[in-house]
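Chemist: Quick one, what's the 3D model for this:
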Amino acid sequence: MSQTIFDEVRDAIVLCGGEPILSCMQCGLCSALCPWGRMEEKSPFNIRSMIHMGRLGYEGYESDDFLYACTTCNLCAVNCPRGVKIPEIVRSMRSVICETGGIPKNLKAVVGSINSNGNPWSQERSERTAWMKDLNVPAFTPDTEYLLFVCCTSAYDGRSQKIARAIVQLLQAAGVDFGVIGAEEQCCGEATRKIGAEEEFGNLARYNIDLFNNKGVKKIITTSPHCYHTFKNEYPEFGAEFEVLHYTELLDRLLAEGKLKPAKPVAGKAIYHEPCYLGRHNHVYDAPRDLLGAVPGLEVAEFDQNHDASMCCGGGGARIWMETKAGQRFSDVKVLEAADKEASLLVTACPYCIVMLEDSLKNLNKDEQMAVKDISEVLQESL
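Modeler: Numbers count the residues shown, from 1 in each chain. Presented below is the predicted three-dimensional model:
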């Protein structure tokens, strides 16, 4: 292959938003910190090598277990001595691969489902509001203060629907003026962008922005950190001007104002798992802990690595849609540490984390020792 082709590949990565690739000085700190290095079974993935290959325009980084191994957890980026936005490099390299049709087959199915059904779960659009059954959830009107945007996972996945229902009941208990749009909504597109399907992501962003603007939306509450990050940090690229809150931020405010009052004791020891897209990507650290700390009777513990140093569950960067072999599951490490600390509740604030942690809990036969819950479910129990 000629040097010209190598240059074209590198230039394509930069053009797709991967300019930070030119700032990397190849110190290797990113690879040293990467959670893949803690796995029992080693992976061929090495973020430093991947960036090096991208800079030189080499092919070979597009395999399922290399480029698509990255969870975009941002641990490398927050510690990079040059401030390189490494997840942006990963996304840009995936975009180049996506344009050639080279993404993994199961991720093609995810993009296809989002394009045809408006969600990655291959479910009918008309079922997007099935989670609301038997709940008196108001429809959003131009006079409503907040749009509650329920992510695709909490809209369609049976386990995750409990999170959406708990959040609704907490908002109602605190007297929040909110509503939902429902079946007209489409996926926020976070998985689409992480896969590298930039054109499809742009289409989703423009559709949802137009929908929200036409409905009169000014403020959005999200159930998922991934929707939160997408609406808050990526939709402005397409002209969005919404105030975006993760539900823990709003509930923390309501708690401080005395409008949310956990009263019923919840016995047990809870340990909080930090969602990457809530914590490291968006610096929401205090609100989830404030909420857990307000639950009577609940003992709250921390993982040894927490806040900016927290370990990813393994579900970000579209990894939730891919198979991960035993011995390579980040969530296994989290569950085992939680068990060592004798936690009875492994608590988080992200539907993806719930899926990953519950799978590990069952696979490691720890489901009799502890349960995985969202913060909203713990608070609902305490009302």
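
Chemist: For residue 373, give its distance to residue 221.
Modeler: 20 Å (C-beta to C-beta, to the nearest Å). (Glycine included, C-beta is placed from N, CA and C.)

Chemist: Then residue 350?
Modeler: Distance from residue 350 to residue 221, by C-beta to C-beta: 15 Å.

Chemist: Neighbour count: these two, which is higher?
Modeler: Between residue 350 and residue 221, counted using other C-beta atoms under 10 Å, residue 350 has the larger neighbour count: 31 against 24.

Chemist: hang on, residue 347 in a helix?
Modeler: No - applying DSSP: H, G, I helix; E, B strand; the rest coil, one finds residue 347 to be strand, outside a helix.

Chemist: can you tell me how far it sits from residue 197?
Modeler: Note on residue 347: its distance to residue 197, by C-beta to C-beta, is 33 Å.

Chemist: for residue 314, same thing?
Modeler: The spacing between residue 314 and residue 197, counted by C-beta to C-beta, is 21 Å.

Chemist: of the two, who's got more company?
Modeler: residue 314 (30 against 26).

Chemist: For the more buried one, which three-state class applies?
Modeler: Classification of residue 314 by three-state DSSP places it in coil.

Chemist: Give me the number of neighbouring residues for residue 322.
Modeler: Residue 322, neighbours per other C-beta under 10 Å, totals 17.

Chemist: What ranges does the stretch 151-300 of the chain have for its strands?
Modeler: For the stretch 151-300 of the chain, the strands defined by DSSP state E, counting those that start in this stretch cover 178-179, 219-222, 243-246, 268-272, 298-302.

Chemist: Mind putting these into a markdown table with mean pLDDT and distance to residue 154?
Modeler: Listed next are the strands of the stretch 151-300 of the chain as a markdown table, based on pLDDT from 0 to 100; distance: least, C-beta to C-beta, whole Å:
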| stretch | mean pLDDT | distance to residue 154 |
| --- | --- | --- |
| strand 178-179 | 98 | 15 |
| strand 219-222 | 98 | 10 |
| strand 243-246 | 98 | 13 |
| strand 268-272 | 98 | 19 |
| strand 298-302 | 98 | 23 |
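
Chemist: Nearest to residue 74 among those strands would be which one?
Modeler: Of all those, it is strand 243-246 that lies closest to residue 74, at 16.1 Å by C-beta to C-beta.

Chemist: so what's residue 287 up against?
Modeler: Counting by C-beta atoms under 8 Å, 6 or more residues apart in numbering, residue 287 touches 246, 248, 249, 251, 252.

Chemist: Can you pull out the low-pLDDT segments for this protein?
Modeler: For the chain, the stretches with pLDDT under 70 are 1-10, 15-18, 58-65.

Chemist: From residue 104, how far out is the residue positioned nearest the centre of it?
Modeler: Nearest to the geometric centre of the chain sits residue 226, at 3.6 Å (C-alpha atoms, centre = their mean). Distance, residue 226 to residue 104, by C-beta to C-beta: 19 Å.

Chemist: Are there helices or strands packed against the longest helix belonging to the chain, and which ones?
Modeler: In the chain, with assignment by DSSP state H, the single longest helix is helix 198-215. Judged by 3 or more C-beta pairs under 8 Å, 6 or more residues apart in numbering; DSSP states H and E, the packing partners of helix 198-215 are helix 105-117, helix 190-195.

Chemist: Domains in this protein, by residue range?
Modeler: Per automatic domain parsing, the structural domains of the chain span 3-99, 124-253, 262-382.

Chemist: Residue 295 and residue 262 touch, don't they?
Modeler: Yes - using C-beta atoms under 8 Å, residue 295 is in contact with residue 262, at 4.9 Å.

Chemist: who touches both of these two?
Modeler: 379, 382.

Chemist: returning to that earlier point: may I see the buried residues of the longest helix of the chain?
Modeler: Under the neighbour-count criterion of 16 or more other C-beta atoms under 10 Å, helix 198-215 has 198, 200, 201, 203, 204, 205, 207, 208, 209, 212, 215 buried.
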